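S.K.: Show me the folded form of this:
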Amino acid sequence: MLRSELIDKLHEENPHLTRRDMERVVAVVLESITQTLERGARVELRGFGAFSVRHRKARPGRNPRTGEPVAVPEKHVPFFRTGKDLREKIDFSS
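M.R.: Model prediction:
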């Protein structure tokens with residue numbers, strides 16, 4: 001689902017609000033998650049999952065085209081772990 005599809009879906013379910021209001025709601029939610037992760041904190045959406053930040057150490061790597069060794073610097077990456085309810089719904093539908 002694309003961001004625009006999410007906004008359309010929310011607008012269909014809440015016709016008393018404008019599409020522009022729905023765009024703001026989605027933007028605020030996503031920005032709040034982003035800002036929380038930037039601070040290094042965890043975001044948990046019960047039944048859906050949890051977002052967190054993981055640290056990756058510096059390591060040696062290889063350029064896939066040339067095979068030449070390359071140093072990969074340390075970094076922080078976003079991580080998502082699905083919630084139990086979501087996991088069960090996805091597993092059940094298969």
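S.K.: Can you tell me the closest non-neighbouring residue to residue 72?
M.R.: Nearest non-adjacent residue to residue 72, counting by Cβ to Cβ, 6 or more residues apart in numbering: residue 61, 4.3 Å away. For the C-beta atoms, the positions are set from N, CA and C on the backbone; glycine is no exception.
S.K.: Any idea how many residues pack against the one you found?
M.R.: 11 (other Cβ atoms under 10 Å).
S.K.: For it, list the residues it contacts.
M.R.: Contacts for residue 61 (Cβ atoms under 8 Å, 6 or more residues apart in numbering) come out as 69, 70, 71, 72.
S.K.: What residues does the second one make contact with?
M.R.: With contact taken as Cβ under 8 Å, 6+ apart, residue 70 is in contact with 60, 61, 62, 63.
S.K.: Tell me the secondary structure at the residue nearest to residue 72.
M.R.: Here residue 61 is strand, with the state taken from DSSP: H, G, I helix; E, B strand; the rest coil.
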